[in-house]
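**Q** predicted model, plus sequence, below.
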Amino acid sequence: MIELNDIWHRYGRTSRWVLTGINLSIHAGEFWAITGPSGRGKSTLLWIVGGLLVPTQGTRTVEPDCHPSFVLQQNPLLRRRSALDNVALPFVVRGDPYHVAQQRAEALLSTFGLSQCAGRRGRFLSGGEQQRVCIARAAACGSALLVCDEPTGQLDNANSRSVAEALLVLARTGTAIVAATHDPVVVEQASHVLDLGADS
């Protein structure tokens with residue numbers, strides 16, 4: 001799906017190298033946790049994986065139909081719209097009739113344990129619920145790759161676990177997950193771990 005070959009990156013010609021010689025193969029259904037101390041390049045590597053940043057050196061090879069979706073620490077839910085509407089939106093954008101979009105959104109909310117939240121507006125959801133709605137919305141986009149930057153960074157342990165388990169559910173459907181994280185709860189659920197601090 002995505003191959004990173006000998007990736008090096010720095011911000012400016014005279015700055016230090018943030019990434020040095022990274023090789024990474026990401027395949028469908030894999031759940032990658034990118035770990036390491038702050039400043040070791042987790043987010044930089046994440047943006048390269050997602051195609052938002054071109055590495056200084058090295059190559060990124062990606063399958064033509066691999067279009068990423070993103071989940072961040074603070075996600076832009078439609079706060080005045082219900083969880084159901086938030087998840088239905090990608091289906092509507094793709095041209096589904098609204099009643100069909102709602103049915104598909106309801107199925108996704110159920111998959112991620114959010115059926116009880118379907119009618120609640122985004123601003124009334126807990127942090128963990130908001131993140132899981134964002135994951136469900138990403139699933140609705142049908143992306144082969146989900147890129148997550150500290151998806152549990154502002155959550156307590158219980159909510160972190162629910163979000164990590166939601167990511168695992170999505171990986172089991174064949175979506176590749178790549179998450180930069182400090183959270184051992186996320187690392188525990190991952191099928192693969194790349195520790196950028198391992199050589200320190």
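**A** That came through, no problem.
**Q** spit out the contact partners of residue 12.
**A** Counting by C-beta atoms under 8 Å, 6 or more residues apart in numbering, residue 12 touches no other residue. Yep, even glycine has a C-beta here, placed from its N, CA and C like the rest.
**Q** quick one, phi/psi of it?
**A** phi 100, psi 150 (degrees, to the nearest 10).
**Q** pLDDT wise, what is it at?
**A** Per-residue confidence at residue 12 stands at 87 (pLDDT).
**Q** need the nearest residue in space to the most centrally placed residue in the chain, chain neighbours excluded.
**A** With distances taken as C-alpha atoms, centre = their mean, the residue of the chain nearest its centroid is residue 148 (2.9 Å). In space, residue 148 comes closest to residue 179 once its chain neighbours are excluded; the distance is 3.9 Å by C-beta to C-beta, 6 or more residues apart in numbering.
**Q** sec struct for that neighbour, please.
**A** strand (DSSP: H, G, I helix; E, B strand; the rest coil).
**Q** what is the neighbour count of it?
**A** 27 (other C-beta atoms under 10 Å).
**Q** number of nearby residues for residue 30?
**A** Using other C-beta under 10 Å, residue 30 has 17 neighbouring residues.
**Q** check contacts around it.
**A** 171, 176, 177, 191, 192.
**Q** in helices only, show me those.
**A** Under the assignment DSSP state H, the contacts of residue 30 contribute residue 171 to helices.
**Q** for the residue nearest to the centre of the chain, give me its contacts.
**A** Residue 148 is in contact with 46, 70, 71, 72, 167, 177, 178, 179, 180, 181, counting by C-beta under 8 Å, 6+ apart.
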